[in-house]
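Undergrad: Next come a sequence and a model predicted from it.
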Amino acid sequence: MSQIETFYDVMRRQGITRRSFMKYCSLTASALGLGPAFVPKIAHAMETKPRTPVIWVHGLECTCCSESFIRSAHPLAKDVVLSMISLDYDDTLMAAAGHAAEEAMRDTIEKYKGNYILAVEGNPPLNEDGMFCISGGKPFVEKLKYAAKDAKAIISWGACASYGCVQAAKPNPTRATPVHKVITDKPIIKVPGCPPIAEVMTGVITYMLTFDRLPELDRQGRPAMFYGQRIHDKCYRRPHFDAGQFVEEWDDENARKGYCLYKMGCKGPTTYNACSTVRWNEGTSFPIQSGHGCIGCSEDGFWDQGSFYNRVTDLTQFGVEKNADQVGLAAAGVVGTGIAAHAAISALKSAQRKTQDTRSREEA
Amino acid sequence: MSDYSSTQLTGDATEADRRTITRRTSVYVYEAPVRLWHWINAAAILTLIVTGWFIGSPPPSMQIAEATHQFVFGYIRFAHFAAGMIMTVGFFGRIYWAFVGNSHARQMFYVPLHRKSWWREVWHEIKWYAFLERTPKKYVGHNPLAQIAMFFFMTVGMTFMIVTGMALYAEGLGHGSLLDAIFGPLRDWIGNSMVLHTLHHIGMYFIVIFMMIHIYAAIREDIMSRQSMVSTMISGHRTFKDDDPE
């Protein structure tokens, strides 16, 4: 077996200068929350350690995750991702097709047994023996299990793989199931989002290469450095939230002034992601900055949380579309009416008894 | 007086209560810490309901100063959190008092489902509220229906609000904080924090409905029953209006 080339080799071969390479290392270090002292460590690892092979499989998904990478902030990150994956297996981005593609996957698994990272975009539907998603002539769930068997770790890339996303929204007819509920014997890193931020992917892979271990994960299995805080915690419109200055209508003066979108149903306060700090499209913007609330796409079951445009959302459990306030006020109304009626009857009854008492006393 | 006094008290009356009633027609039920807790808790809950409502549906935007110098919504949230902390500490204090206080201080923390006599009194109480019973019974502490309400709305309901509330508060403190370590797993188990918000919101109506029933029943009993109600939570003494044997 020939010497596996390093990331640095791949980058240089693609015409990336050393200066840009060092930039990438420092950007990644800060994205991971590491100090400047770690930049040379990352650079050293990228220069000396063999490139981490990545197999990228696609289940039930829309490919928005792949689209997200190729628009990543630092142009180099995109190249890193692409060189990480295109050399091995990615049925969307690779040149090979058909039997040749399947052959490539088999080869990669044989060659890097127990060493490769499996990136899963999308999820397997389990109903009808997985027939709702056929890849390479077989149900995707079989391919997933096959590829996962010899993987070092799995990255659940995107909301589909992490939580199920739209295809798993109620009533989930295909029984689309997140990866961690199908593969239970491998370390799984969830990188939720619809799509997730590209820097998170490159950051995670670089971290694993440099330190030979998984990055710190939170209780849900997400990289803590990217998912440790809510959008709301680092939102640049947060001062307007604390001040009580909100957009009341989409086209009002407050919207033009860039006030807080809480009243427009922004899910920033319930969404763990790095959008408000890392941002999108080369750090240009993120939903809230462009005037629309966060829809909470990196949260479990975000499609089933009622409207994107309300904070107090409908409760579908009651079978009718009513929110907590409507249900609660109706219940309070019923109880209030009951109390009023009860009070009225109580008063009448005691008045009646009093008359009876006086009458019986008079008769006696 | 004669010895009917030993039979005229029902339910939760203790021997000490019976001895007291031979001398006077009032019993010291609610000790000072219980009364203090009741009113602090009432004030905290009222604050929590009003501020909680505004957190779900904020008041109209205000333009008093630049956002940097204006903290209106921040103060509303602060009041909510502060009242929540006071309610939580108070609840722990109340639990402590259930251990060291008199027997009536324990009443709201359990429902004696196993006691036959208790069930008979529940039925009697239901009939009294359904206007099928002419005379109510006399109780030193809570009547059985009130005990059920106290247990489910206050002990269970408040625990639910404290736990969900702390889990939501932990979101602001963030990853790595103590409250996050304690209550974070609940949020992860529920999945989406929006669900937690909704549950906490519904919980408020649970408490609101309790308040309505509680205040109505207390005033109605004060007028129509055979014992004091509202003043008992102020003075601690339950006074009885008659000394009828039944």
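TA: Happy to help now that I have it.

Undergrad: Give me the pLDDT value at residue B:16.
TA: Reading off the confidence values, residue B:16 has pLDDT 75.

Undergrad: Look at it and say how many residues are nearby.
TA: 12 (other CB atoms under 10 Å in any protein chain shown). Every C-beta, even on glycine, is put in place using the N, C-alpha and C of the backbone.

Undergrad: so how far is stretch A:261-268 from its chain's centroid?
TA: 18 Å (CA atoms, centre = their mean, to the nearest Å).

Undergrad: what are the C-alpha coordinates of it, in CSV please?
TA: This file holds the C-alpha atoms of stretch A:261-268, laid out as CSV (Å, rounded to 0.1, in the frame of the first residue of the first chain):
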residue,chain,number,x,y,z
LEU,A,261,-37.7,39.3,16.0
TYR,A,262,-39.0,37.5,19.0
LYS,A,263,-42.6,38.5,18.4
MET,A,264,-42.4,37.3,14.8
GLY,A,265,-41.7,33.8,16.2
CYS,A,266,-37.9,33.8,16.2
LYS,A,267,-36.8,30.4,17.6
GLY,A,268,-33.3,31.8,18.5
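
Undergrad: quick one, phi/psi of residue B:26?
TA: Residue B:26 has phi and psi values of phi -130, psi 150 when expressed as degrees, to the nearest 10.

Undergrad: Now the residue located most distally from the centre of chain B: phi and psi?
TA: Here chain B reaches farthest from its C-alpha mean at residue B:66, the gap being 41.5 Å by CA atoms, centre = their mean. With angles defined as degrees, to the nearest 10, residue B:66 shows backbone torsions of phi -60, psi 150.

Undergrad: Would you mind measuring from it to chain A?
TA: Summarising the geometry, the distance separating residue B:66 from chain A, computed by CB to the nearest CB, to the nearest Å, is 8 Å.

Undergrad: can you check residue B:199 too?
TA: From residue B:199 across to chain A, the span is 9 Å (CB to the nearest CB).

Undergrad: A strand includes that residue, no?
TA: No - remark: residue B:199 does not belong to a strand; assigned using DSSP: H, G, I helix; E, B strand; the rest coil, it is helix.

Undergrad: nearest residue to the residue in chain A positioned nearest to chain B other than its sequence neighbours?
TA: When scored by CB to the nearest CB, chain A has residue A:328 as its residue closest to chain B, at 3.1 Å. Leaving aside its sequence neighbours, residue A:328 sits nearest to residue B:205 (CB to CB, 6 or more residues apart in numbering or on different chains; 3.1 Å).

Undergrad: name the element the one you found belongs to?
TA: Residue B:205 is part of helix B:193-224 when elements are defined by DSSP states H and E.

Undergrad: Nearest residue to the middle of chain B?
TA: Among the residues of chain B, the one closest to the centroid is residue B:154, at 4.1 Å (CA atoms, centre = their mean).

Undergrad: doesn't residue B:109 make contact with it?
TA: No - when contacts are counted by CB atoms under 8 Å, residue B:154 is not listed as touching residue B:109 (9.3 Å).

Undergrad: picking up where we left off before, the residue nearest to the centre of chain B and chain A, how far apart?
TA: In this structure, residue B:154 lies at 16 Å from chain A, with CB to the nearest CB as the measure.

Undergrad: Could I get the contacting residues of residue 148?
TA: Here I'm looking at chain A. Residue A:148 is in contact with A:118, A:154, A:183, A:186, counting by CB atoms under 8 Å, 6 or more residues apart in numbering or on different chains.

Undergrad: wrong chain, I was asking about chain B
TA: The neighbours of residue B:148, taking CB under 8 Å, 6+ apart as the test, are B:111, B:122.

Undergrad: Surely it forms part of a helix?
TA: Yes - counting by three-state DSSP, residue B:148 is located in a helix.

Undergrad: Please identify the helix or strand for the residue of chain A closest to chain B.
TA: Residue A:328 is located in helix A:324-363, with elements delineated by DSSP H and E.

Undergrad: That helix - contacts with which helices or strands?
TA: helix B:193-224 (3 or more CB pairs under 8 Å, 6 or more residues apart in numbering or on different chains; DSSP states H and E).

Undergrad: now for whichever helix or strand comes after the helix it packs on, which elements pack on it?
TA: On the C-terminal side of helix B:193-224, the closest following helix or strand by DSSP H and E is helix B:232-235. When contacts are defined as 3+ CB pairs under 8 Å, 6+ apart, helix B:232-235 sits against helix B:32-56.

Undergrad: Quick check, pLDDT for the residue farthest from the centre of chain B.
TA: Model confidence at residue B:66, given as pLDDT, is 88.

Undergrad: what residues are up against the residue of chain A closest to chain B?
TA: Shown in contact with residue A:328 (CB under 8 Å, 6+ apart): B:201-202, B:204-205, B:208.

Undergrad: The residue in chain B that chain A sits nearest to: how many residues sit nearby?
TA: Using CB to the nearest CB, the single residue of chain B nearest to chain A is residue B:205, 3.1 Å away. When counting by other CB under 10 Å, one arrives at 19 neighbours for residue B:205.

Undergrad: again with the one 3 residues further on
TA: The burial count assigned to residue B:208 is 19, neighbours taken as other CB under 10 Å.

Undergrad: Let's see the pLDDT reported for the residue nearest to it when sequence neighbours are not counted.
TA: Using CB to CB, 6+ apart and skipping residues adjacent in sequence, the residue nearest residue B:208 is residue A:332, 5.6 Å away. The predicted structure scores residue A:332 at 93 on the pLDDT scale.

Undergrad: can you pull the pLDDT of residue 123?
TA: Because you didn't say which chain, this covers chain A. 93.

Undergrad: wait, I meant chain B there
TA: Confidence for residue B:123, expressed as pLDDT, is 93.

Undergrad: Pretty sure it sits in a helix.
TA: Yes - judged by three-state DSSP, residue B:123 forms part of a helix.

Undergrad: what's the spacing between it and residue A:329?
TA: Relative to residue A:329, residue B:123 is positioned 32 Å away (CB to CB, to the nearest Å).

Undergrad: which of those two has more neighbours?
TA: Set residue B:123 next to residue A:329 and count neighbours by other CB under 10 Å: residue A:329 wins out with 15 against 12.

Undergrad: ok, the closest residue to the more buried one other than its chain neighbours - contacts?
TA: Counting by CB to CB, 6+ apart, residue A:329 lies nearest to residue B:205, which is 7.6 Å off, once chain neighbours are set aside. Under the criterion of CB under 8 Å, 6+ apart, the neighbours of residue B:205 are A:324, A:327-329, A:331-332.
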